[in-house]
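Chemist: Predicted model and sequence below, questions to follow.
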Amino acid sequence: MHTGTIQRLLQKVPLFKDLTDDEMEPIIDLAKHRMYRHGTHIFMQGDPLTNVYFIHQGKIKIYKTDFHGREQIVNVLQPGDMFPHQGFFRQDDYPAHAEVLEDAILIYIPIESFENFLVNHPEICIKLFRVLGDIIVDLQARLEEKILHNTYEQIIMLLLRLSKGYGKETNGGMIRLTTQFTNRELANMIGSSRETVSRTLTQLKKQNLIASDKTGAVVLDTDALEDELF
């Protein structure tokens with residue numbers, strides 16, 4: 001992949017889209033790319049933090065594990081997203097595992113070089129702060145869901161959150177999830193069990209609040225799901 005292609009790809013990332021060619025030049029010189037196959041790990045929790053990544057193609061699962069090997073999914077990232085979201089301007093380790101859910105093309109930049117770029121481009125630093133601020137708000141909302149709502153409500157809220165990030169409206173006004181998640185993955189997003197998620201999804205299907213299409217994708221009646229909460 002030559003530098004012109006890398007520049008076009010990076011300029012599709014929200015963080016860089018308003019930069020001129022001259023402003024992009026120093027970051028283009030540092031950027032590299034790599035293809036990753038489904039199921040491979042980009043890095044593991046606790047590895048030394050060396051690069052910051054930008055997704056051109058594919059989806060990446062960010063998750064943590066505890067001492068017992070239990071998995072907690074932090075996020076599922078899509079094209080245009082960057083990761084990790086912490087560790088800037090200090091020596092640190094990767095805070096979580098990063099696993100490829102769909103074959104991916106990633107552009108990556110050494111973390112120290114990216115930090116120097118941020119110092120020289122305060123407007124990018126401000127954009128990064130906004131991205132990190134949105135992430136903090138999302139994490140606070142998830143914590144409130146965990147504290148204030150029962151598991152049934154948490155699963156509905158999870159489906160509604162997924163509909164915003166991975167949903168596409170159908171002709172009938174329903175929302176179809178473009179990424180398929182297993183019951184285990186859904187459970188790992190909210191710290192529940194696969195069996196509880198399976199029972200709840202079956203219950204929601206009986207109430208015609210969700211369904212599955214011919215491809216097995218989950219289809220949501222988001223209005224009805226919201227009504228179920230209130």
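Modeler: Looks like it came in fine. Nothing here was measured: the structure is a model prediction, and the numbers come from that model. Residues are numbered from 1 along each chain as shown.
Chemist: Ignoring the adjacent residues along the chain, who's closest to residue 181?
Modeler: residue 162 (7.4 Å; CB to CB, 6 or more residues apart in numbering). Placement of C-beta: from N, CA and C, glycine included.
Chemist: burial of the one you found, as a residue count?
Modeler: Using other CB atoms under 10 Å, residue 162 is surrounded by 20 other residues.
Chemist: tell me what the helix or strand that contains it is packed against?
Modeler: In the assignment (DSSP states H and E), residue 162 maps to helix 151-166. Counting contacts by 3 or more CB pairs under 8 Å, 6 or more residues apart in numbering; DSSP states H and E, helix 151-166 packs against helix 122-148, strand 175-177, helix 183-190, helix 194-206, strand 218-220, helix 222-229.
Chemist: mind redoing it with 10 Å?
Modeler: Applying 3 or more CB pairs under 10 Å, 6 or more residues apart in numbering; DSSP states H and E, one finds that helix 151-166 contacts strand 71-77, helix 122-148, strand 167-169, strand 175-177, helix 183-190, helix 194-206, strand 218-220, helix 222-229.
Chemist: Could you figure out how far it is turned away from helix 222-229?
Modeler: Per axes from the mean of the first three to the mean of the last three CA atoms, to 10 degrees, the angle that helix 151-166 makes with helix 222-229 is 150 degrees.
Chemist: Out of the helices and strands packed on helix 151-166, the one nearest residue 92 is which?
Modeler: helix 122-148 (14.4 Å; CB to CB).
Chemist: Mind listing what's buried along that closest one?
Modeler: 124, 127, 128, 142, 145 (16 or more other CB atoms under 10 Å).
Chemist: now swap in stretch 203-223 and tell me
Modeler: Buried, per 16+ other CB under 10 Å, within stretch 203-223: 204, 209, 210, 218, 219, 220, 221, 222.
Chemist: ok, now stretch 42-52?
Modeler: 42, 43, 49, 51, 52.
Chemist: For the second one, list each beta-bridge partner.
Modeler: Beta-bridge pairing of residue 43 under DSSP bridges involves residue 98.
Chemist: Hmm, it is touching residue 94, no?
Modeler: Yes - using CB atoms under 10 Å, residue 43 is in contact with residue 94, at 4.8 Å.
Chemist: which residues do those two both contact?
Modeler: In terms of CB atoms under 10 Å, 6 or more residues apart in numbering, residue 43 and residue 94 are both contacted by the residues 49, 50, 51, 83, 84.
Chemist: now the buried residues of stretch 42-52 as JSON lines including pLDDT?
Modeler: Converted to JSON lines, these look like this (pLDDT from 0 to 100):
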{"residue": "42", "pLDDT": "97"}
{"residue": "43", "pLDDT": "96"}
{"residue": "49", "pLDDT": "93"}
{"residue": "51", "pLDDT": "94"}
{"residue": "52", "pLDDT": "92"}
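Chemist: I'd like these as TSV, with distance to residue 76 appended.
Modeler: Putting the buried residues of stretch 42-52 into TSV (distance: CB to CB, whole Å) gives the following:
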residue	distance to residue 76
42	14
43	16
49	21
51	20
52	18
